[in-house]
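Asker: fold the following.
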Amino acid sequence: GKAIWRRWCDYEQAHTRSRRPTTAPPAQRRHEQPYATGSALVVEHDAAHLQYDGHSYRLTMRRLLRNTGDEPVTRYLIRISVDRFPGDPERSNAHYRAHPLTWDELDLTATCRGETMRWQAKHDRDAFKEVWLLFDNKHSRFPLYPGESVWIEYAYTVGDDKWGNWFQRAVRLPTEQLEVQLAFPAALDPVVWGTETSMTAEASPLRTPPVRSDDGELRQFTWITPIPALHARYRLEWRFRARPEHDAEQGDFR
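Answerer: Model prediction:
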């Protein structure tokens, strides 16, 4: 854990130096942690599950967090971002102005150590939300202390009128394993592919393909990568071959 954190700090320092003119004195730069002074979170395992029932998406995120710092962590920042028409920002902006994403429809829930996590909105925009998940509720406090690891789980729902056929994972903290599972009705005949974008390279195909498995009426696709690159974005996209008219209506962004 400390090794991966150190590697990230080295990366951040090297990246900072590479952006500075050679004449500038070396900067003592500490990466901004939006949690608490002295905290240093590592994600030991990041597992995302997206399930589509033909009308809406339910997203369940599980993260095993480790506090490698020297102060208790009392909150964790999450982001919910939707884009119905990727590649057509004007159309998307107009769509969300008319049909903003609401807290009621998201039905956000979060748990940790068998307790409900309280949450507070940080940013509330038509197509984008940032939320603090708090390690407390009205009954108790359960901070993540230095040296401890704990699973948190949160989930939310978005209708397919607001989601779009893609799911992106951005690596914002040092992460030891990233896993994404997509589950669709097999009757829709889904196909899935993905791309990776880093700070230094444009989108390229995922280095390993999502693995397909059929389970009754569900078709699942699982993709796992160890030690994903920091600041990388991994994007999975899909198409329902049995519902081409629906895909066309969603906008051809491929």
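Asker: report the central residue of this protein.
Answerer: In the chain, the centroid-proximal residue (C-alpha atoms, centre = their mean) is Arg169; its distance is 4.1 Å.
Asker: skipping adjacent residues, who's closest to it in space?
Answerer: In space, and not counting its chain neighbours, Arg169 is closest to Tyr234: 4.8 Å by C-beta to C-beta, 6 or more residues apart in numbering. C-beta: built from backbone N, CA, C; applies to glycine.
Asker: enumerate every residue touching the one you found.
Answerer: The contact partners of Tyr234, taken as C-beta atoms under 8 Å, 6 or more residues apart in numbering, are Gln168, Arg169, Val171, Leu178, Val180, Gly194, Thr195, Glu196, Leu206, Trp223, Thr225, Pro228.
Asker: list phi and psi for the nearest residue to Arg118 once chain neighbours are set aside.
Answerer: What sits nearest to Arg118 in space, not counting adjacent residues and going by C-beta to C-beta, 6+ apart, is Leu134, at 4.4 Å. With angles defined as degrees, to the nearest 10, Leu134 sits at phi -100, psi 140.
Asker: partner residues bridging Leu134?
Answerer: With DSSP bridges as the criterion, Leu134 is bridged to Arg75, Arg118.
Asker: re the thing from before, give me the buried entries from the contacts of Tyr234.
Answerer: Of the members of the contacts of Tyr234, the ones counted as buried by neighbours, 16 or more other C-beta atoms under 10 Å, are Gln168, Arg169, Val171, Leu178, Val180, Gly194, Thr195, Glu196, Trp223, Thr225, Pro228.
Asker: ok, the last one to Thr222 distance?
Answerer: The reference is to Pro228. For Pro228, the distance to Thr222 under the criterion C-beta to C-beta, to the nearest Å works out to 15 Å.
Asker: tell me where the stretch 151-254 of the chain has helices.
Answerer: Taking DSSP state H, counting those that start in this stretch, the helices of the stretch 151-254 of the chain run over residues 244-250.
Asker: ranges for the strands of it?
Answerer: Read by DSSP state E, counting those that start in this stretch, the stretch 151-254 of the chain holds these strands, from start to end of the chain: 166-170, 177-185, 190-197, 204-205, 211-215, 218-226, 233-240.
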